[in-house]
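> predicted model, plus sequence, below.
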Amino acid sequence: MNLARLIRFVLFFALVLLLGLLPSAFAEGTRTWEQSKFDDFLRGTPKGVAIRSSGALELAPAFKAISTTPATYIWALAADTNGVVYAATGSPARVYRITPDGQSQVILEPQELQVQTLILDNKTGALFAATNPDGKVYRIDTRPAVEPLKPAVGKPAPAPQPSWTSTVYFDPHTKYIWDLSLDSSGNLFVATGDHGEIFRVTSKGEHSVFFKSDEPHIRVLDFDHKGNLIAGSDGSGLVYRISPAGEGFVLYSAPKKEITALAIDNNDNIYAAGVGEKRPVSVPPPAPSSLPMATPAPTANQANLTIGNAPPSQQPVTGTALPAAGFASASGGSEIYRIAPDGSPIRLWTSRDDFVYALAFDSHSRLLAGTGNRGHIFVIGSEDEFTDLAKASASQVTAFAKAPDGGFYVSTSNLGKIFLMSSSPEPQGTYESDVFDARIFSRWGRAEYRGTGNVELFARSGNVDNPDRNWSGWKKIDMLKDGEVMVPSARFIQWKAVLHAGVPAPRVDSVLLNYLPKNVAPDFEDVAVQVGYRYQSQPKTPGIDTSAPPPPIRDRDSIAVKWTVHDDNEDQMTYSVFYRGDGENRWLLLKDGITDKFYSFDASLLPDGGYTVKVVASDTPSHSPGQALSAEKESSRFEVDTTPPQIESLAATMEGGKIRISFQAVDGFSTIKHAEYSVDANDWQFLEPVGQLSDARHEAYDFAASVPGDPPAAGQPAVVQPAATGNTEHVVVVRVYDRYDNMNSAKYVVRAGAHAVAGH
């Protein structure tokens, strides 16, 4: 390639790049609204529909409430092989037994504020529950079922009801009990705080300190498949691996301060959730964010502030959460880490808004994360891949427990509910998009859809932002034909997808709606004129709007015009500037084809007089011929005066040792502002006209000035000069200003004692 061809290639490439960076000179005409990303779909309303982080909609597992407890918080769940679920609650502190059909029974009612955690021994059938604060571990056992009384005639006999007994199984004499875990031999491990101790309680009730950490709290426990106890702490966010002999090793120091949940898969990968920001420890560390405050239950009016027994990180985000003094707040969001069997960690998921309270594996070996404070359940995949699986009608998802047929029990707080999440998807799910505001009355065209399976699309439109306020009804979009959206032209639109189970599974990857806004004329707000100023031209920078006016520069020979205008269609516009003098009917063009919102011109182009400027804005560059619209606006009246006043009949004579001076000041347009004089190049002296009031275009001046060297007249400054002699000349200079500071001057020479004077 020779040099000339290389230069042409470089210039061509630069031109292509420049054109790509410049804002389009043409309107879009037909426009599009597309939703295909996770953030797009997150703004909508799913019902039985999950949202993938890659940007797709699919059917979610069936999810239904089976029990609503009187408690505000449910902290932990356990379930037996028959599908009976046990719930540990706070406010009030209870343990509930709930059958698969939703029948609820209180089986423990301790004196402490809350039941924090529980675990079921499947070998013995014993249920262990721990309370807070200054709590204990209770053992709950069943008694033989009691036969009910004989039913009334014609009534079915009720089933025998089991009864329950509870005893204090272990008292660690510590402030908090956070978690319980059982090993394969039936030994119970108890995670506690303030002193970060883990106790081991044998099946015979013998207890000892199994592990002592330097962290204030051990928050969560789990066992790997080698019998090692995995523990997560609050304070430094540590994950420990503790051997059966009680020897601890820190596997990972998380970036977060508190480990709130653990899960271990079949390959001994450890999954840990961390919340809260680490802070320098200068005072004794507070209790973990899961600790309730020992205050009365909230009233209804307090529900949007700090909930009485709620931990700060578990309070709903409505209103302003006010954490109690001395308690940590789970600020900074939440993260999930995976620690491989060789000890190498990786961050899988992070969120600024969701705090993880529970982790578990479903029947498909997918990692589930229960979160607050929006009550979402996520499926966590590989790094930064996840699915927003379901949303509970509560603020926090706090625990999981296995249910029959591969399903899961899910507990929530604010309010305390239990849901059943199936292992199979809903037979049908719906998703309503958010409301799209075209900002202008628009005509809706075709819909474009990407996805698989049996999916129906619908649309509706309206002219208010609330679809419940007299919008059109849902109209089905026939994607097998042309996909035309048969809804009325309007400003707002919304689409809905209905997913039906089948093969292949339904999935929505993207929905795009075409629309054409009705063209509206540009709308002016103001046209301003500044006489004696100009705007400095700005270089055109690709991708940067330079149409806004820069600061004006003082220039008395220029006139600056700027205007404020917008176009609801966001069309490209051009401007024309016209002027018209007082008493004239015809507008005269100053400049057209302007793309900036300002213009400066030479003031001398306009004779002295009063004027009005008009700016015309047109969206011609963005529309086909005949479709463009324009608008215009006039400025306030302004005056142009570039001609200085004239000095006429200037004369000066010597009278009694003083100089008698007279002259006329005349301006063709504006009034005389003021006059000054100087004798023999001394300082300028202010001068009033004969009538003293300077308010006309013609003013007369007649006054006596002191001769330099003479005592000054009253009110006049002294002039230090040699005394005048008979042959002395005096030079008189006068100058006059009009209202616009145009100035003219004249000189007169006076010879003392002479009858003839020379002036000019």
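Cool, got the structure. Numbers count the residues shown, from 1 in each chain.
> every contact and neighbour count from this point should use C-alpha atoms.
Fine.
> for the helix or strand harbouring residue 262, packing partners?
Secondary structure assignment for residue 262, by DSSP states H and E: strand 256-264. Helices and strands in packing contact with strand 256-264 are listed as strand 217-223, strand 229-234, strand 238-242, strand 270-277, strand 355-361; criterion 3 or more Cα pairs under 8 Å, 6 or more residues apart in numbering; DSSP states H and E.
> compute the inter-axis angle for the third one and strand 217-223.
With axes from the mean of the first three to the mean of the last three Cα atoms, to 10 degrees as the criterion, the two stretches strand 238-242 and strand 217-223 enclose an angle of 50 degrees.
> in its sheet, what does strand 238-242 sit against?
With DSSP bridges as the test, strand 238-242 is paired with strand 229-234 (antiparallel), strand 248-253 (antiparallel).
> got JSON lines for those, with mean neighbour count and mean pLDDT too?
Listed next are those as JSON lines, based on neighbours: other Cα atoms under 10 Å; pLDDT from 0 to 100:
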{"stretch": "strand 229-234", "mean neighbour count": "27", "mean pLDDT": "97"}
{"stretch": "strand 248-253", "mean neighbour count": "17", "mean pLDDT": "96"}
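> element containing residue 615?
Secondary structure assignment for residue 615, by DSSP H and E: strand 609-618.
> ok now that strand, how far from the chain's centre?
Here strand 609-618 is found 41 Å from its chain centre; the criterion is Cα atoms, centre = their mean, to the nearest Å.
> would you mark the buried spots in it?
Neighbour-count burial for strand 609-618, with 16 or more other Cα atoms under 10 Å as criterion, is recorded at 610, 611, 612, 613, 614, 615, 616, 617, 618.
> looks like the second one contacts residue 585 (just checking).
So that's residue 611. No: the pair residue 611 and residue 585 fails to qualify as a contact (Cα atoms under 8 Å) at a distance of 11.6 Å.
> phi, psi for residue 604 please.
The phi/psi pair for residue 604 (degrees, to the nearest 10) reads phi -70, psi -10.
> state the distance from it to residue 670.
Noted for residue 604: a distance of 16 Å to residue 670, by Cα to Cα, to the nearest Å.
> quick one: mean pLDDT over the longest strand belonging to the chain.
For the chain, the longest strand by residue count, based on DSSP state E, is strand 436-452. Looking at strand 436-452 alone, the average pLDDT works out to 95.
> cool, stretch 474-493 as well?
Taken as a whole, stretch 474-493 has a mean pLDDT of 93.
> identify each buried residue in it, please.
474-479, 483-493.
> before we move on, what about stretch 267-279?
The neighbour-count criterion (16+ other Cα under 10 Å) identifies 268, 269, 270, 271, 272, 273, 274, 275, 276, 277, 278 as the buried residues of stretch 267-279.
> again, but for stretch 441-460
When burial is assessed from 16+ other Cα under 10 Å, stretch 441-460 yields the following buried residues: 441-449, 451, 453-460.
> residue 431 and residue 132, how far apart?
With distances taken as Cα to Cα, residue 431 is found 42 Å from residue 132.
> oh, that last question was meant for residue 82, not what I typed.
Distance, residue 82 to residue 132, using Cα to Cα: 29 Å.
> go on, residue 205?
Distance of residue 205 to residue 132, given as Cα to Cα: 20 Å.
> neighbour-wise, which of these two wins?
Neighbour totals were compared for residue 205 and residue 132, and residue 132 leads with 23 against 11 (other Cα atoms under 10 Å).
> that one and residue 177 touch, don't they?
Yes: the pair residue 132 and residue 177 qualifies as a contact (Cα under 8 Å) at a distance of 6.2 Å.
> show me the common contact partners of the two, please.
Applying Cα atoms under 8 Å, 6 or more residues apart in numbering, one finds that residue 132 and residue 177 are jointly contacted by residue 116.
> count of residues packed around residue 693?
Taking other Cα under 10 Å as the definition, residue 693 ends up with a neighbour count of 11.
> so it is in which element?
Under the criterion DSSP H and E, no helix or strand holds residue 693.
> show the pLDDT at it.
Here, the pLDDT recorded for residue 693 equals 92.
> check for me that residue 39 belongs to a strand.
No: for residue 39, which was evaluated using DSSP: H, G, I helix; E, B strand; the rest coil, the result is helix, with no strand membership.
> distance of the spatially closest residue to it that is not a sequence neighbour relative to residue 427?
Of all residues not flanking residue 39 in the chain, residue 55 sits nearest, at 7.9 Å (Cα to Cα, 6 or more residues apart in numbering). Residue 55 sits 21 Å away from residue 427 when distances are taken as Cα to Cα.
> neighbour count winner among the two?
Shown here are residue 55 and residue 427; by other Cα under 10 Å, residue 55 has more neighbours (18 against 14).
> the more buried one is in contact with residue 36, isn't it?
Yes: Residue 55 is in contact with residue 36 according to Cα under 8 Å; the separation is 5.5 Å.
> need phi/psi at residue 622.
On the backbone of residue 622 - angles per degrees, to the nearest 10 - the values are phi -110, psi 0.
> report pLDDT for it.
88.
> count of neighbours near it?
Close neighbours of residue 622, defined as other Cα under 10 Å, add up to 21.
> how about residue 468, secondary structure?
coil.
> now do the contacts for it.
Taking Cα under 8 Å, 6+ apart as the criterion, residue 468 is in contact with no other residue.
> measure it to residue 460 for me?
11 Å.
> same deal with residue 219?
When Cα to Cα is the yardstick, residue 219 and residue 460 sit 50 Å from each other.
> any idea where the strands of the stretch 651-760 of the chain begin and end?
Under the criterion DSSP state E, counting those that start in this stretch, strands of the stretch 651-760 of the chain are mapped to 658-666, 672-679, 685-687, 698-706, 729-738, 743-751, 758-759.
> how about the helices in the stretch 1-150 of the chain?
Along the stretch 1-150 of the chain, counting by DSSP state H, counting those that start in this stretch, helices occupy 3-21, 38-42.
> need the helices and strands packed on strand 256-264 in TSV (columns: distance to residue 252).
Rendered in TSV, the data for these read as follows (distance: least, Cα to Cα, whole Å):
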stretch	distance to residue 252
strand 217-223	14
strand 229-234	10
strand 238-242	5
strand 270-277	10
strand 355-361	18
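> which one of those lies closest to residue 694?
Judged by Cα to Cα, the one of the helices and strands packed on strand 256-264 that comes nearest to residue 694 is strand 270-277, at 74.5 Å.
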